[in-house]
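In: no sequence on this one, just coordinates:
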């Protein structure tokens, strides 16, 4: 039987994400956070040690419990996405809840967007947000 090849980037990013969670937990005990996110203390320890990666549900609970700054959240999202090979849970939820969003995203058909194009998309999305407030 062939051994599964270890992706060093994923392993490194699991450790980085675990350290980030531990750092953001601050003075809150590991047990306290585990209880708050409804996870066993041992499972949280494995995540903080970089042995395991959080599931979508656990990651979402960690984000809610720790309320990281935008910068920290972006760093955590990049790590989570590189580990799980999927967008963060809140982005997945937007795609799932918005009927037709899959088809809209597929329109770019794998074309990487540059910074200018991303800013245009951001401006468009922000206009939707402003319109919803009216």
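Out: Perfect, thanks for sending it. All values reported here derive from a predicted model rather than from experimental measurement.

In: and the gap between residue 30 and residue 46?
Out: 11 Å (Cβ to Cβ, to the nearest Å). Just so you know, the C-beta spots here come from the backbone N, C-alpha and C atoms, and that holds for glycine as well.

In: Check residue 110 too.
Out: Going from residue 110 to residue 46 by Cβ to Cβ gives 35 Å.

In: More neighbours: those two, which one.
Out: residue 46 (17 against 5; other Cβ atoms under 10 Å).

In: Rounded mean pLDDT for the one helix or strand the more buried one maps to, please.
Out: Per DSSP states H and E, residue 46 falls inside helix 41-48. Average pLDDT, helix 41-48: 98.

In: Who are the packing partners of the helix or strand just after that helix?
Out: Sequence order places helix 56-66 as the next helix or strand after helix 41-48, per DSSP H and E. If you count contacts as 3 or more Cβ pairs under 8 Å, 6 or more residues apart in numbering; DSSP states H and E, helix 56-66 packs onto helix 8-25, helix 30-36, helix 70-84, helix 89-97.

In: Let me have the ones you listed in JSON lines, adding mean neighbour count and mean pLDDT as columns.
Out: Below are the helices and strands packed on helix 56-66 laid out as JSON lines (neighbours: other Cβ atoms under 10 Å; pLDDT from 0 to 100):
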{"stretch": "helix 8-25", "mean neighbour count": "17", "mean pLDDT": "97"}
{"stretch": "helix 30-36", "mean neighbour count": "16", "mean pLDDT": "97"}
{"stretch": "helix 70-84", "mean neighbour count": "16", "mean pLDDT": "97"}
{"stretch": "helix 89-97", "mean neighbour count": "13", "mean pLDDT": "95"}
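
In: any idea how this protein splits into domains?
Out: Each domain of the chain is listed here as a residue range: 1-87, 98-134, per automatic domain parsing.
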